[in-house]
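In: for reference, the sequence and a predicted model appear below.
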Protein chains: 2
Amino acid sequence: MADDNVVFVGSKEVMSYVLAVTTQFNEGSDEVVLKARGVAIGRAVDAAEIVRNRFLTDVDILDITTKTEELEDEEGGTSNVSAMSITLGKKSS
Amino acid sequence: MADDNVVFVGSKEVMSYVLAVTTQFNEGSDEVVLKARGVAIGRAVDAAEIVRNRFLTDVDILDITTKTEELEDEEGGTSNVSAMSITLGKKSS
């Protein structure tokens, strides 16, 4: 899957990400991946739920994975942050 | 699976939930489910990642599901909130 099917979820309004995902599906993508880290994870879940419940009812969540990423802070130390990928795709039925 | 294998994640420190999950596995549970809503979803992911990476390396995330729940507010209206269930279990290998 090409990188342009990935929507990175940050601190914008959740509807920005809903729009980004919906646009990618409407332009012909079969799958779109929402990626988020830390506090943005909840927003990514909200976006996925809104897309599949309200905008694209033929789209469902195909897979959700999590991992831990190590971030370097300003003093050169590291801290861990959780990251999530939510794969949305057309229902197979 | 019995309800006592469910850990509800709220606003406490993430390590409270890590401890709750670890305790359930150490008492013999094969699977433990973390459940969270709204802003607590990120904390549930953190707890799952910490359990599998640092405390119980024979445990992995078996399944993650999301849904939308309707909450009634004080004025009788409703608002939607995302909910997540993370199923942790012993690795099959």
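Out: Nice, I can see it.
In: the most far-flung residue of chain A relative to its centre: what secondary structure?
Out: Centroid-distance maximum for chain A: A:Glu75 at 29.9 Å, with Cα atoms, centre = their mean. In three-state terms, and counting by DSSP: H, G, I helix; E, B strand; the rest coil, A:Glu75 is coil.
In: parallel or antiparallel, which strands does the helix or strand harbouring A:Ser82 pair with?
Out: Using DSSP states H and E, the element containing A:Ser82 is strand A:78-90. Partners of strand A:78-90 in the sheet, by DSSP bridges, are strand A:31-37 (antiparallel), strand A:59-72 (antiparallel).
In: okay if I get those strands as TSV plus mean neighbour count?
Out: C-beta here means a position set from N, CA and C on the backbone, and glycine is covered the same way. Output for the strands paired with strand A:78-90, formatted as TSV (neighbours: other Cβ atoms under 10 Å in any protein chain shown):
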stretch	mean neighbour count
strand A:31-37	21
strand A:59-72	15
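In: can you lay out the ones you listed as JSON lines showing mean pLDDT?
Out: Listed next are those as JSON lines, based on pLDDT from 0 to 100:
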{"stretch": "strand A:31-37", "mean pLDDT": "97"}
{"stretch": "strand A:59-72", "mean pLDDT": "95"}
